[in-house]
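Peer 1: predicted coordinates and the sequence they were generated for:
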Amino acid sequence: MSAHFSPFSRNPLTDLTGGIMTHQSFIKCNDFEMRAVECIEAYGASKGKVKCQDYLDDLRECMFETKQVARVQAMRIERHRQWIMGERKSEDHYAPGARVDGY
């Protein structure tokens, strides 16, 4: 993300395949990517890495979900600790699954 990939030479093939390395076709992260790219475009590549760090961090979190995965892992560890200490019964060790028709 901090590096920009651009082809050595441009031709119609590179124009057609240029959208593969972006998140614009996915609804989940396209807004974050647009904000980061617009900010980097406004400040330039070298200054943009520093000035647009918040936008880049948001995009990175949207892509890799590191905070979300860490949160789920912490909840799982806490639930297991409660079960080991006897604060939680074996049948309550994990939350019940969603109903099949519960969407």
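Peer 2: Looks like it arrived, so ask away.

Peer 1: in stretch 24-43, which residues are buried?
Peer 2: Across stretch 24-43, burial judged by 16 or more other C-beta atoms under 10 Å covers Cys29, Phe32, Glu33, Arg35, Ala36, Val37, Cys39, Ile40. C-beta coordinates here come from the backbone N, C-alpha and C atoms, glycine included.

Peer 1: so which of the residues you listed sit within helices?
Peer 2: If you go by DSSP state H, the buried residues of stretch 24-43 have Phe32, Glu33, Arg35, Ala36, Val37, Cys39, Ile40 in helices.

Peer 1: turn those residues into TSV, columns for pLDDT and distance to Gln73.
Peer 2: Listed next are these as TSV, based on pLDDT from 0 to 100; distance: C-beta to C-beta, whole Å:
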residue	pLDDT	distance to Gln73
Phe32	93	23
Glu33	90	26
Arg35	94	28
Ala36	93	27
Val37	91	31
Cys39	95	31
Ile40	93	32
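
Peer 1: which one of the residues you listed is nearest Ile77?
Peer 2: Within those, proximity to Ile77 (C-beta to C-beta) peaks at Phe32, which comes in at 28.8 Å.
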